[in-house]
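Visitor: Sequence and computational prediction follow.
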Amino acid sequence: MFEKFEERDDEFAKLIRRINPPRVVIDNDSCEDATIVQVDSVNKHGILLQVVQVLTDLNLVIKKAYISSDGGWFMDVFNVIDQDGNKIRDQELISYIQRRLEEDDDFVPSSKGVVGLVPSEEHTCIELTGIDRPGLLSEVCAVLTDLRCNVVNAEIWTHNARAAAVVHVTDDITGCAIEDPRRLATIKELLCNVLKGNSVLNTAKMTLSPPGGVTHRERRLHQIMFADRDYVRVERPEGGAKKSRPHVTVADCIEKDYTVITMRSKDRPKLLFDTVCTLTDMQYVVFHGVVHTGTTEAYQEYYIRHVDGVPVSSDAERERVVQCLEAAIERRGSEGLELELCAEDRVGLLSDITRVFRENSLCIKRAEISTKGGKARDTFYVTDVTGSPVDPKTVDSICRQIGQGILHVKWNSNSKKPEEKTIRFLFGSFFKAHASPDI
């Protein structure tokens with residue numbers, strides 16, 4: 001009987017959304033330094049995340065946001081700019097944003113940043129999680145290369161001594177997804193052995209697709225690390241670089257029966273997506289909120305309740321919310337020196353690159369791997385094995401070993417900066433189809 005009532009409620013909600021489809025207004029006149037995106041829609045759980053996801057997937061920067069979703073209606077305003085700090089002037093892009101945000105029911109995820117074996121003839125999706133250690137990515141890539149797997153896309157995060165990755169691989173001969181069950185079982189067994197390492201705790205996991213089908217890749221990484229309890233603090237060894245911690249508070253708004261969350265942290269791209277994603281997956285609803293970003297700091301304030309309508313009700317729950325939001329902010333904070341690589345793609349390229357990093361005692365804190373049109377475009381964030389900034393001499397050594405290609409080194413405030421901001425090295429045969437045996 002209760003199932004029938006739930007089905008009726010669900011059908012009624014769908015009817016209301018069809019009668020009142022989302023309305024989107026994109027305004028370039030009202031604000032001097034940003035494009036205003038206003039979204040009005042029937043409210044439903046997760047709609048805020050869907051809107052933020054559309055904007056961040058287009059690499060737009062959300063400078064301000066005003067959120068209101070009381071009374072069954074969702075009314076949000078976002079001030080956005082492009083990565084160069086300019087308003088959105090491209091009419092084709094404006095039309096695309098409007099069309100995506102006005103799509104009925106759930107927004108269909110773009111092909112960018114999507115994971116899952118659906119099944120796809122193009123690639124096999126592998127999810128990994130385990131204890132982080134120096135050289136872990138290099139070992140994973142070496143195993144995949146030995147198993148004749150070519151990494152075409154990947155994203156790797158590390159946080160709080162844990163590591164998670166979503167990796168797309170193809171067969172190195174056919175260029176298609178790997179479907180043979182015995183071969184997949186071998187891949188799983190060997191990768192789990194690598195992830196486990198010398199740990200006595202068997203906490204390593206490897207799966208071929210997330211439950212429930214297609215999921216946004218960055219959201220999936222948050223879910224993987226959350227399930228792995230990376231939000232629980234661990235003791236850090238001394239000697240690493242000191243990081244500024246986010247400041248998160250959880251308080252009661254008794255007169256309105258809300259829980260109020262405030263967050264102050266260093267501003268960075270996709271910060272709003274990361275915090276809203278975490279609140280949504282923890283089954284909280286944002287009823288009101290405001291987001292302001294300055295030159296370096298971001299301020300977020302949300303009035304929330306659980307999906308069952310109850311505010312945060314215990315000290316234990318309050319502490320868990322704080323821990324999880326701190327983790328969401330920190331997971332892809334730009335820790336370490338940023339290295340950007342662009343080269344002709346080939347089988348085993350990522351294995352060779354990460355081996356050079358490992359042999360020079362670098363730790364990969366985060367990485368984004370992509371291939372398009374035969375070109376590999378990879379970004380790595382690295383530190384030394386103690387977590388301290390990388391010595392410029394080590395960077396020079398790496399560039400000499402890698403050889404032909406272009407390596408952009410983006411020195412940050414924590415790294416000693418040489419005279420030139422960007423270093424390019426064009427050498428011999430590293431990126432050719434057959435690497436020399438002494439590399």
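Guide: Structure received.
Visitor: Need the three-state assignment for Leu49.
Guide: Of the three states, Leu49 takes helix under DSSP: H, G, I helix; E, B strand; the rest coil.
Visitor: Same check on the one 5 residues further on?
Guide: Classification of Val54 into helix, strand or coil gives helix, according to three-state DSSP.
Visitor: May I have stretch 161-178 as CSV, with CA atoms only?
Guide: Provided in CSV are the C-alpha atoms of stretch 161-178 (Å, rounded to 0.1, in the frame of the first residue of the first chain):
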residue,chain,number,x,y,z
ALA,A,161,46.7,9.1,3.5
ARG,A,162,44.0,7.6,1.2
ALA,A,163,44.0,7.4,-2.6
ALA,A,164,41.2,7.1,-5.1
ALA,A,165,41.1,6.9,-8.9
VAL,A,166,38.7,6.5,-11.8
VAL,A,167,40.6,5.2,-14.8
HIS,A,168,39.3,4.5,-18.4
VAL,A,169,41.3,1.9,-20.2
THR,A,170,41.2,0.2,-23.6
ASP,A,171,42.8,-2.9,-25.1
ASP,A,172,46.2,-1.8,-26.5
ILE,A,173,45.6,-3.8,-29.7
THR,A,174,41.9,-3.2,-30.6
GLY,A,175,41.6,0.2,-28.9
CYS,A,176,38.2,-1.0,-27.5
ALA,A,177,36.8,-1.9,-24.1
ILE,A,178,38.1,-5.0,-22.4
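Visitor: which parts of that stretch are buried?
Guide: For stretch 161-178, a neighbour-count test (16 or more other Cβ atoms under 10 Å) marks 162-172, 177-178 as buried. All C-beta atoms are positioned from the backbone trio N, CA, C, and that covers glycine.
Visitor: for stretch 57-64, same thing?
Guide: 57-58, 60-63.
Visitor: for the buried residues of stretch 161-178, which one is nearest Ile97?
Guide: Val166 (25.6 Å; Cβ to Cβ).
Visitor: Show me what the strand or helix carrying the closest one pairs with in its sheet, parallel or antiparallel.
Guide: Secondary structure assignment for Val166, by DSSP states H and E: strand 162-171. Strand 162-171 sits in its sheet next to strand 124-131 (antiparallel), strand 149-159 (antiparallel), going by DSSP bridges.
Visitor: Any idea how far that strand is from the middle of the chain?
Guide: Centroid displacement of strand 162-171 relative to its chain, using Cα atoms, centre = their mean, to the nearest Å, is 13 Å.
Visitor: Check which element follows that strand along the chain.
Guide: Using DSSP H and E, the helix or strand that follows strand 162-171 in sequence is helix 181-196.
Visitor: What are the contacting residues of that following helix?
Guide: 124, 126, 128-131, 136, 139-140, 143-144, 147, 149, 178, 202-206, 208 (Cβ atoms under 8 Å, 6 or more residues apart in numbering).
Visitor: ok so, going back, out of the buried residues of stretch 57-64, what pair is the most spread apart?
Guide: Among the buried residues of stretch 57-64, Asp57 and Lys63 lie farthest apart (Cβ to Cβ), at 17.3 Å.
Visitor: now the helices: where do they sit in the stretch 201-350 of the chain?
Guide: 217-227, 271-281, 315-330, 349-359 (DSSP state H, counting those that start in this stretch).
Visitor: Check which helices and strands the second one sits against.
Guide: Packing partners of helix 271-281 (3 or more Cβ pairs under 8 Å, 6 or more residues apart in numbering; DSSP states H and E): helix 47-57, helix 217-227, strand 258-266, strand 284-293, strand 297-306, helix 315-330.
Visitor: do the third one as well
Guide: Contacts defined by 3+ Cβ pairs under 8 Å, 6+ apart place helix 315-330 against helix 217-227, strand 247-253, strand 258-266, helix 271-281.
Visitor: mind checking how far the shortest one is from the chain centre?
Guide: Looking back up the chat, that one is strand 247-253. 25 Å.
Visitor: Note down every partner strand of that strand and its orientation.
Guide: strand 258-266 (antiparallel).
Visitor: Only the buried residues of the partner strand, if you could.
Guide: So, applying 16+ other Cβ under 10 Å, buried residues of strand 258-266: 258-261, 263, 265-266.
Visitor: Mind putting those residues into CSV with distance to Arg217 and pLDDT?
Guide: What follows is the buried residues of strand 258-266, written out as CSV (distance: Cβ to Cβ, whole Å; pLDDT from 0 to 100):
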residue, distance to Arg217, pLDDT
Tyr258, 32, 95
Thr259, 30, 97
Val260, 31, 97
Ile261, 26, 98
Met263, 24, 98
Ser265, 23, 96
Lys266, 23, 93
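Visitor: how about the residues you listed, which pair is most distant?
Guide: Longest span within the buried residues of strand 258-266, Cβ to Cβ: Tyr258 and Lys266, 26.5 Å.
Visitor: Quick one: low-confidence residue ranges for the chain.
Guide: Flagging of the chain using pLDDT under 70 yields the residue ranges 1-20, 104-121, 198-204, 208-214, 235-243, 334, 403-405, 412-439.
Visitor: Return the residues in contact with the residue nearest the centre of it.
Guide: Residue closest to the average C-alpha location in the chain (Cα atoms, centre = their mean): Glu218, at 3.5 Å. Counting by Cβ under 8 Å, 6+ apart, Glu218 touches 113, 155, 270, 273-274, 277.
Visitor: ok, now Asp267?
Guide: By Cβ under 8 Å, 6+ apart, Asp267 lies in contact with 293-298.
Visitor: same thing with Thr278?
Guide: Thr278 neighbours (Cβ under 8 Å, 6+ apart): 222, 226, 324-325, 327-328.
Visitor: and those residues as CSV, adding distance to Gly85 and neighbour count?
Guide: Formatted as CSV, the contacts of Thr278 follow (distance: Cβ to Cβ, whole Å; neighbours: other Cβ atoms under 10 Å):
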residue, distance to Gly85, neighbour count
His222, 27, 24
Phe226, 33, 19
Cys324, 31, 23
Leu325, 27, 25
Ala327, 29, 23
Ala328, 25, 27
